[in-house]
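**Q** Just a sequence and a predicted model for now, questions to come.
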Amino acid sequence: MQQRTIGGRTVSAIGLGGMPMSIEGRPEQERSVRTIHAALDAGVTLIDTADAYHRDADEVGHNELLIAAALGSWSGDASTVLVATKGGHLRPGDGSWTLDGRPEHLKEAAKASLGRLGGDALGLYQFHRPDPDVPYAESVGALADLLDEGVIEMAGISNANPDQIREAQQVLGGRLVSVQNQFSPAFRSSRAELDLCAELGIAFLPWSPLGGISKAGDLGSRHDAFGEVARAHDVSPQQVALAWELALAPVVVPIPGASRPQSIEDSVRAVELELGADEVERLSQDTLQD
């Protein structure tokens, strides 16, 4: 498996997004565990989660508990796996999302996540989404405190703009290691953040790198160039999308979501796909088809 680094730690170039295994429409737990095991067996060493990845109001941390159970029952060495979780974005249980970027909430949420995931410290903890009611520096300051206290080993941010990336890096004293933003063939407005991360040497983790749960399946038909390149290489359009993202910068680590073993096994094969410079440029210029 091709590898990349996050904060000096080596991880697989393709990660696994855990959200589809815990929200609406989720599969039974046995299939989710098989999906996580399939990812790990294929060489995935980065798993993305959040305390808000759950369906019902009374099951906060559902995905974290699922991942902990899967790692505990895996036959391999779970210490090689970096679990990245997030806090500051909540789901009341009615399908909506709310925000809480207060430092006291983030500190409590991180400690609760650690309790669910286990271990001495969280490998990577990310502020999930800016809260307009809380100064950004105060929210990120909670991450600095968590680093100093040893509750988390590395700190990151999510859904951030370039100014927030720079501010977080300053507040953390140069210890910002990751930015997790939406980025895919259909959603490219985070390209400025990707380029800034490449400049600063910070890992950029595209979430929904295939366009989202409901749209990933028809990626090739919605994006002509991706479908045509996929046919030329005899691979899936999804592999082409991930290979394209990997080709944009050495700091990019896509985290496609999956709820079936076959999905993540297909995604992982993207690291074997070598795209020519002309193909990367063509894919970069591709436009969404209605």
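**A** Structure received.

**Q** neighbours of residue 25, just the number please.
**A** 9 (other CB atoms under 10 Å). For every residue, glycine as well, the C-beta is placed using N, CA and C.

**Q** neighbours around the closest residue in space to it that isn't next to it in sequence, how many?
**A** Nearest residue to residue 25 in three dimensions, chain neighbours excluded: residue 213, at 7.8 Å (CB to CB, 6 or more residues apart in numbering). Neighbours of residue 213 under the rule other CB under 10 Å: 17.

**Q** gap between residue 225 and residue 13?
**A** Residue 225 sits 22 Å away from residue 13, taking CB to CB, to the nearest Å as the criterion.

**Q** okay, the two: which has more neighbours?
**A** Regarding residue 225 and residue 13, a neighbour count based on other CB under 10 Å identifies residue 13 as having more, with 23 against 20.

**Q** residue contacts, the more buried one?
**A** For residue 13, the contacting residues are 1, 2, 3, 4, 246, 253, 271, by CB atoms under 8 Å, 6 or more residues apart in numbering.

**Q** is it true that residue 156 lies in a helix?
**A** No - assessed with DSSP: H, G, I helix; E, B strand; the rest coil, residue 156 is strand; it does not lie in a helix.

**Q** residue contacts, the closest residue to it other than its chain neighbours?
**A** Nearest residue to residue 156, sequence neighbours excluded (CB to CB, 6+ apart): residue 178, at 3.3 Å. Residue 178 sits next to 6, 7, 84, 124, 126, 154, 156, 157, 202, 203, 204, 205 when contact means CB under 8 Å, 6+ apart.

**Q** for residue 29, same thing?
**A** Residues in contact with residue 29 (CB under 8 Å, 6+ apart) are 66, 69.

**Q** Helices along the stretch 51-200 of the chain, start to end?
**A** In the stretch 51-200 of the chain, the helices defined using DSSP state H, counting those that start in this stretch lie at 62-73, 103-117, 136-149, 162-171, 191-200.

**Q** of all the ones you listed, which lies closest to residue 48?
**A** If you check each of the helices of the stretch 51-200 of the chain against residue 48 by CB to CB, helix 62-73 wins as the nearest, at 9.3 Å.

**Q** ok, residue 57 - how many residues close by?
**A** Per other CB under 10 Å, the neighbour tally for residue 57 reads 11.

**Q** Tell me, what's the model's pLDDT at the residue nearest to residue 186 when sequence neighbours are not counted?
**A** Take residue 186 and drop its neighbours on the chain: the residue closest to it by CB to CB, 6+ apart is residue 211, 4.5 Å away. Per-residue pLDDT puts residue 211 at 91.

**Q** mind listing what residue 211 touches?
**A** Neighbour list for residue 211: 184, 185, 186, 187, 219, 222, 241 [criterion: CB under 8 Å, 6+ apart].
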